[in-house]
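Asks: Just the structure for this:
(one chain, ligands or ions: 1)
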Amino acid sequence: MEEIYLDANATTPVLPQARQAAMAVMGDAFGNPSSIHGSGLKARALMEQVRDRARRLLGAAGGQLCFTSGATEGIQTAVLSALTELRRRRDAGETQQPLLLLYGATEHKAVPEALRHWNDLLGLHWPVRAIPVDHQGRHDLAWLRQQAPQAGLVCTMAANNETGVVSDLDGIRAALAGSTALWLVDSVQALGKLPLHLAERRIDYAPFSGHKLYAPKGIGMLYVREGAPFTPLMTGGGQEGALRAGTENIAGIAALGEVLQALEAGDTFANQETLWAHRERLALALTDAFPGLVFNALPSLCLPTTLNFAVPGLASRLLLDLFDAAGLRVSGGSACSAAKAQPSYVLEAMGLPAWQSSAAVRLSFGAADSSELIERACARIRACGDSLRAHGLAAHATAGNTTPTGLVTRFVADGACCYLVADATRRHCVLIDALPAHTEQITQWQRRHHHTLVAVLATTHRTEHAASVAALSAAFPESMQALGPADPLGWPQGARQIELGHHRITRLAPPGGSANAAAYVLHTTDQGQLAFVGAGAMADAGSLHWLTQALAPQALLLPGHDDAQHFAWTLGQPSRLKALHAEPEALTLSRDRLHLQFSTSPAPLLVDVREPYEHALGGRPDLGQGVHPNNVQSVPLGSLLNALPAWLKLEAGTPVLFYCRSGNRSAQAARALRRLGHANAWSLEGGLALWAAQATPATLAR
Ligand code: PLP
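Replies: Take a look at the predicted model:
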């Protein structure tokens, strides 16, 4: 499947002509620009040619323009230069009181981190303050005007990397009028997209990064206004007019030169009109695919190339997995923090509702992307929406969709686990430990499966229980009709057990007969006992004792809270503490080791833990000849509990290999199975993302 890369704000590919230029420099024109022989002179000439081109493009005839390794280095150099000068002014008695170091609240982390770092290291310890932004992500200019007289350094990016919001640089300039503050404008996302007029605006420092605009990583530029203070970050051989020591990255400079040449010639990158047309098409495809979608910034204030959005009820992780399965590479929040599922600080600073800042997805295309590519991307986006609808995971799900459901489904919100036990024959279900935070996930499940809810049970008495029942009643009143009178924990009055088809649920009261807590046991015909023990029993060893009396040793205990993704444990496990804290070794199997691991009998079992809507888009991977279809299972993580009992009955030597997109979900599954006693459980290293990158799939067969 063609990979469609829509994450240009994180980085871009290198233009073919830029690659060629870099190769030529590395091969033939490899001279050191500091050498005075012919090879060196050629290298220097090339470097100066690129510098001149950059000056023309940036509107920076005067001042200094030096090559750096990227924007982070440029930011450090600018902050160090400014703070060193401010310290000099303080020491000379030119300033009497501590100066404010100001940065936009939506600035890239490199800026506030550099401010704090050099502020401490230079012993200034001055206040570092965020300039508030409004709902649209634009700086609060009235606030800035008020603070400007006390400010020593002001940092305001030209365009935001997450939202694409363009700053009002002229407004900022006006707010700083009369202030002696130095001004740093992080221009990374503006290069090639906005006219910067650096000299005209009297910007003191402007860092740039090559890899955001089709040059390689490891090359950047820093502009320093004529007369602005400068302190080198690196000293040594005096390169770059002693502004930045170290032999220049001449291959990177040559490549950057080609990009700047393409910008000047206007023959490679789309013009503004085309970029806006591309944006329109993508925005339309997104709103078609995901009705209810909201854009997190006003298009009229944004770069055309960045679309930041959220879809109610769909977590950003889900959307990222979905897009990735369709071969669309987008990112959630900012790329630097993509590994952590944290709300975006940029959207939080804009005051967007919590759901919007944690469900945000960023799609950013490049100025070199063709209209055909954008068209193909739109088709894939629409296919993503279709897949979600077909699997009932959208407000507009296909009516009557009947994807099969497992006996137990687990929903997790902030570590709190809610379980839904479903009887597919009579279409009845029971919920255990539902909190208001789970309502959306339950509602989506219900839209897909249309079951009647016969009980909503809680393992401990808490007010959220009633709130959750109320929220569910409002969400699907017709499914709640079988709920009769119940005790405070939701247990139906007078009932000895709850029957769910061939299965039944009983209640276990803790010692002392407290009415405020209970465990529930699901007695299944084929999977033994599953006990819902809530959060208390996990934490309190005394509670375990009474469970020992009531449950079979191999019964699976399902916790009410599971931050560490253990899924389940058994009373028969040798040491509960060990099971909770020990990290299993060597959990992943690389491609090279698959063959070794699977060359023995019995045959391996392969388990795909991705969601069905992901398979529908990406198809099933070719995991090699010799893997019998009977030995491949599809068990999404939320249904893992249904499969665990059967896997635990496998012969000890049976390798079980879990796989998913990135290796994250499969590692959770493999760890859970190992903890429960099946040591031969593995996760495919790097997930299918790396698999697809390899030329020939390894044979997993014996
Ligand atoms: N500033 C902004 C706005 C960015 O988007 C980035 C990269 O994401 C940086 C600074 C850091 O750039 P570099 O990777 O060149 O150090």
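Asks: State the number of residues packed around residue 357.
Replies: Applying other CB atoms under 10 Å, we find 22 residues neighbouring residue 357. All C-beta spots, glycine's among them, are computed from the backbone N, C-alpha and C.
Asks: Next, it: secondary structure please.
Replies: helix (DSSP: H, G, I helix; E, B strand; the rest coil).
Asks: Contacts only, for the residue nearest to it when sequence neighbours are not counted.
Replies: With CB to CB, 6 or more residues apart in numbering as the criterion, residue 357 has its nearest non-adjacent residue at 3.6 Å, and that residue is residue 347. Taking CB atoms under 8 Å, 6 or more residues apart in numbering as the criterion, residue 347 is in contact with 162, 163, 296, 308, 333, 356, 357, 360.
Asks: Does the last one touch residue 311 like I think?
Replies: No - at 9.9 Å, residue 360 does not count as touching residue 311 under the criterion of CB atoms under 8 Å.
Asks: Quick one, which of the contacts of residue 347 has the minimum pLDDT?
Replies: Taking pLDDT as the measure, the contacts of residue 347 have their low point at residue 333 (70).
Asks: which residues touch residue 352?
Replies: Shown in contact with residue 352 (CB under 8 Å, 6+ apart): 135, 296.
Asks: host element of it?
Replies: Using DSSP states H and E, residue 352 sits within no helix or strand.
Asks: Return the per-residue confidence for it.
Replies: 95.
Asks: And for residue 700?
Replies: 33.
Asks: Can you tell me the SS state at the residue nearest to residue 357?
Replies: Per three-state DSSP, residue 347 ends up helix.
Asks: what about the strands in the stretch 501-650 of the chain?
Replies: Per DSSP state E, counting those that start in this stretch, the stretch 501-650 of the chain carries strands over the ranges 503-508, 519-523, 529-534, 556-559, 569-570, 588-589, 605-608, 632-634.
Asks: nearest to residue 167, of these?
Replies: strand 588-589 (43.5 Å; CB to CB).
Asks: Inside helices: which ones of the contacts of residue 347?
Replies: Judged by DSSP state H, those include 356, 357 as members of helices.
Asks: Pull out the buried residues from the contacts of residue 347.
Replies: 162, 163, 296, 308, 333, 356, 357, 360 (16 or more other CB atoms under 10 Å).
Asks: Make TSV out of these and add distance to residue 466.
Replies: Below are the buried ones among the contacts of residue 347 laid out as TSV (distance: CB to CB, whole Å):
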residue	distance to residue 466
162	39
163	39
296	34
308	37
333	34
356	28
357	29
360	32
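Asks: Name the member of the residues you listed with the shortest distance to the ligand.
Replies: residue 162 (8.4 Å; CB to the nearest ligand atom).
Asks: With adjacent residues omitted, what lies nearest to that closest one?
Replies: Nearest to residue 162 is residue 346, by CB to CB, 6+ apart, at 4.4 Å.
Asks: Surely that neighbour is in contact with residue 160?
Replies: Yes - proximity of residue 346 to residue 160 meets the contact threshold set by CB under 8 Å, at 6.4 Å.
Asks: So for those two, which residues contact both of them?
Replies: 106, 137.
Asks: residues of the longest strand that the chain contains that come out buried?
Replies: Ranked by residue count and defined by DSSP state E, the top strand of the chain is strand 416-423. Neighbour-count burial for strand 416-423, counted by 16+ other CB under 10 Å, picks out 416, 417, 418, 419, 420, 421, 422, 423.
Asks: In JSON lines, list the strands of the stretch 501-650 of the chain along with mean neighbour count.
Replies: Listed next are those as JSON lines, based on neighbours: other CB atoms under 10 Å:
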{"stretch": "strand 503-508", "mean neighbour count": "18"}
{"stretch": "strand 519-523", "mean neighbour count": "23"}
{"stretch": "strand 529-534", "mean neighbour count": "24"}
{"stretch": "strand 556-559", "mean neighbour count": "24"}
{"stretch": "strand 569-570", "mean neighbour count": "20"}
{"stretch": "strand 588-589", "mean neighbour count": "20"}
{"stretch": "strand 605-608", "mean neighbour count": "23"}
{"stretch": "strand 632-634", "mean neighbour count": "16"}
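Asks: how about those, which one is nearest residue 47?
Replies: The closest of the strands of the stretch 501-650 of the chain to residue 47 is strand 588-589. By CB to CB, the value is 44.4 Å.
Asks: on that earlier part again, now flag whichever of the buried residues of strand 416-423 is closest to the ligand.
Replies: Relative to the ligand, the closest of the buried residues of strand 416-423 is residue 416; by CB to the nearest ligand atom it sits at 33.8 Å.
Asks: ok, the closest one - contacts?
Replies: Counting by CB under 8 Å, 6+ apart, residue 416 touches 433, 435, 437, 438, 535, 560, 561.
Asks: repeat for residue 436
Replies: Counted by CB under 8 Å, 6+ apart, residue 436 has contacts 464, 467, 468, 471.
Asks: what's the farthest-apart pair in the residues you listed?
Replies: 464 and 471 (9.7 Å).
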